[in-house]
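K.L.:
need a structure here:
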Amino acid sequence: MATPVRSRARGLFRGRPPAPPRPDVPIRGSARLDRRTKELVKRLVPGDVAIIDHADLDRIAAEDLAASGVRAVVNVAPFSTGRYPNAGPLVLAQAGVRLIDAPAAPLFEELRDGDPVVITGGEVHRNGTVLAAGRELAAPELAEQLEAQRERVVLGGEVPSPLHPPQGCAFHPRCPIAVEECHRIRPDLRDLGAGHEAACHLA
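P.N.:
Okay, the predicted model is just below:
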């Protein structure tokens, strides 16, 4: 069952998507930091700037971040390593959230929770000082990246018996990116656009 936060997030993607943030317009907000994204989303409020340490940000976490109303997400780990198809960053970009990819940036050491920050392009400023210089990720680039990643997917392992299918997603025993939800809940078929459909919690 979807959480209330995630249900609100899915509502963001009905109808016309929000306009993408203009990179030349600075974003100001309070920095909120947590290396555990699922804990961070519980205390985010609209207008915050989320500072995360989440390599290969998954769709579930992205939907929760989008639902919180954050204006920007700065990731000190790669949003996508390319190891598998990862829709999370695209979900955030399509929701109008500015994404700054800043691997290894020392923001967890330099910032305290609640510090006022300014995002200009790919830079994170506090009191006029540049704390990190990353790269802004845009939706068109992320969409192309995701499509290329999907073309490379190959499932290994044994095909489950149709007489005794596993609980949750039938593919989770063979899926290299399965998360806890995949083991418990069978996903619904979703329209991903461009003629693609998938029954996957992370698609």
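
K.L.:
what residues go with each domain of the chain?
P.N.:
The record's domain split for the chain, according to automatic domain parsing, is 4-147, 155-203.

K.L.:
quick one: those domains as CSV, columns for mean neighbour count too.
P.N.:
No exception for glycine: its C-beta is placed from N, CA and C like everyone else's. Output for the domains of the chain, formatted as CSV (neighbours: other Cβ atoms under 10 Å):
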stretch, mean neighbour count
domain 4-147, 18
domain 155-203, 13
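
K.L.:
mean pLDDT for those domains - can I get that in TSV?
P.N.:
Listed next are these as TSV, based on pLDDT from 0 to 100:
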stretch	mean pLDDT
domain 4-147	88
domain 155-203	79
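
K.L.:
what sits opposite residue 136 in the beta ladder?
P.N.:
Beta bridges link residue 136 to residue 100, judged by DSSP bridges.

K.L.:
how much space separates it from residue 62?
P.N.:
Taking Cβ to Cβ, to the nearest Å as the measure, residue 136 falls 16 Å from residue 62.

K.L.:
and what of residue 52?
P.N.:
Taken as Cβ to Cβ, the span from residue 52 to residue 62 is 11 Å.

K.L.:
grab the nearest non-local neighbour of residue 95.
P.N.:
Spatial nearest neighbour of residue 95, chain neighbours left out: residue 66 (3.9 Å); criterion: Cβ to Cβ, 6 or more residues apart in numbering.

K.L.:
need phi/psi at the one you found.
P.N.:
phi -60, psi -40 (degrees, to the nearest 10).

K.L.:
now swap in residue 74 and tell me
P.N.:
Dihedral angles (degrees, to the nearest 10) for residue 74: phi -110, psi 120.
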